[in-house]
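Trainee: Here is a sequence together with a model predicted from it:
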Amino acid sequence: MKVFLIAEIGSNWEGDISIAKKLIKQSQNAGANAVKFQMWRAEDLYPSNPLFKKIKKTELSFNDAKKLKIFSDSIGIEFFCSVFYPEAVDYLESLSVKRYKIASRTCTLNDPLSLETLSAVNHSKKSTIVSMGMGGDKKFIKKILSKNQITFLYCLSEYPLKIEKIKWNIARKYAGFSDHTLGITASIIFASLMKMKKQKNTIIEKHVKLLNSKSLDAATSLDMNQFKILNDNLRNIEKLNFIS
């Protein structure tokens, strides 16, 4: 089994390119296979949020995405994004990203342009990771993303998620896990379950931050020391031999 480990940076770059580059480099040093950002427009998703100005600051512009893609390529780690509007997909296509992420909230079609975004991703024909934390219809997602190779991630959209709420009998039916719990235990359990069921490849996504970060996602993110420990444990699980 191979674990594709995603360092979810989200808003933890705080709208600062220098912080974003540190997060990318430290994620690579810790063993991540890819770094993921989010391309949304604050006006679309958070128009009346009391933290609108702070949220707006972490909005990833096309120019920022280009800079971070070039930097990621230069050090040899994959860069990709969750996408929330179709123009984001069009722009990321011009940067030749390898894959896309569809967030849980997009699957429910509750956000503006959700359907248009899904259609744009389908047109790309790229590998697509889909979180199902808020529900959504898998059959519908498979139909609308008919041109994509889809990996569904087990996810519960609570921040932080209490580990006891995870239904492992359901989680093990998925090929990947977007982990919103505190710490690294849940990801290690999930990887072990994938190894025991002889899953060839799995995806684990975890939010990461710089040490002492004060960003919006910081409270539910791993610092890089914790993320390195997670990676080391996952690579050890890859090597295990379970006798059935």
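Mentor: Received it, and whenever you're ready, just let me know what you need.
Trainee: Counting by contacts, list what the longest helix along the chain packs against.
Mentor: Among the elements of the chain assigned as helix by DSSP state H, the one spanning the most residues is helix 224-239. The contact analysis (3 or more C-beta pairs under 8 Å, 6 or more residues apart in numbering; DSSP states H and E) places helix 224-239 against strand 2-8, helix 17-30, helix 185-196, strand 201-209. Where C-beta positions appear, they are placed from N, C-alpha and C, glycine not excepted.
Trainee: Each with direction, which strands does the first one pair with?
Mentor: When pairs are called by DSSP bridges, strand 2-8 turns out to pair with strand 34-39 (parallel), strand 201-209 (parallel).
Trainee: Can you mark which positions in it are buried?
Mentor: Along strand 2-8, these residues count as buried under the neighbour rule (16 or more other C-beta atoms under 10 Å): 3, 4, 5, 6, 7, 8.
Trainee: Equivalent analysis for the last one, please.
Mentor: Of the residues in strand 201-209, those with enough neighbours to count as buried (16+ other C-beta under 10 Å) are 202, 203, 204, 205, 206, 207, 208, 209.
Trainee: Give me the distance from that strand to the chain's centre.
Mentor: When C-alpha coordinates are averaged (C-alpha atoms, centre = their mean, to the nearest Å), strand 201-209 and its chain have centres 7 Å apart.
Trainee: picking up where we left off before, will you turn the helices and strands packed on helix 224-239 into a markdown table that also has mean pLDDT and distance to residue 75?
Mentor: Output for the helices and strands packed on helix 224-239, formatted as a markdown table (pLDDT from 0 to 100; distance: least, C-beta to C-beta, whole Å):
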| stretch | mean pLDDT | distance to residue 75 |
| --- | --- | --- |
| strand 2-8 | 98 | 13 |
| helix 17-30 | 98 | 6 |
| helix 185-196 | 97 | 24 |
| strand 201-209 | 98 | 16 |
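Trainee: will you turn those into JSON lines that also has distance to residue 141?
Mentor: Listed next are the helices and strands packed on helix 224-239 as JSON lines, based on distance: least, C-beta to C-beta, whole Å:
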{"stretch": "strand 2-8", "distance to residue 141": "19"}
{"stretch": "helix 17-30", "distance to residue 141": "28"}
{"stretch": "helix 185-196", "distance to residue 141": "21"}
{"stretch": "strand 201-209", "distance to residue 141": "16"}
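Trainee: quick one on the thing from earlier: for residue 29, state which of the buried residues of strand 2-8 is nearest.
Mentor: Distance to residue 29, by C-beta to C-beta, is smallest for residue 7 among the buried residues of strand 2-8, at 10.6 Å.
Trainee: ok, now which ones touch that closest one?
Mentor: Taking C-beta atoms under 8 Å, 6 or more residues apart in numbering as the contact definition, residue 7 lies against 23, 27, 30, 32, 34, 35, 36, 206, 208, 227.
Trainee: And the residues you listed, which two are furthest apart?
Mentor: Within the contacts of residue 7, two members stand farthest from each other by C-beta to C-beta: 30 and 36, at 14.3 Å.
Trainee: Run a quick check on residue 99 versus residue 124, I expect a contact.
Mentor: No: under the criterion of C-beta atoms under 8 Å, residue 99 is not in contact with residue 124, lying 9.2 Å apart.
Trainee: Any stretches of the protein with poor pLDDT?
Mentor: Low-confidence segments of the chain, defined by pLDDT under 70: 243-244.
Trainee: same thing but 90
Mentor: Under the criterion of pLDDT under 90, the regions of the chain flagged as low confidence span 110, 132-137, 212, 214, 216-217, 241-244.
Trainee: which strand residues sit across from residue 177 in the sheet?
Mentor: Per DSSP bridges, the residues bridged to residue 177 are residue 154, residue 204.
Trainee: No more questions from me, cheers.
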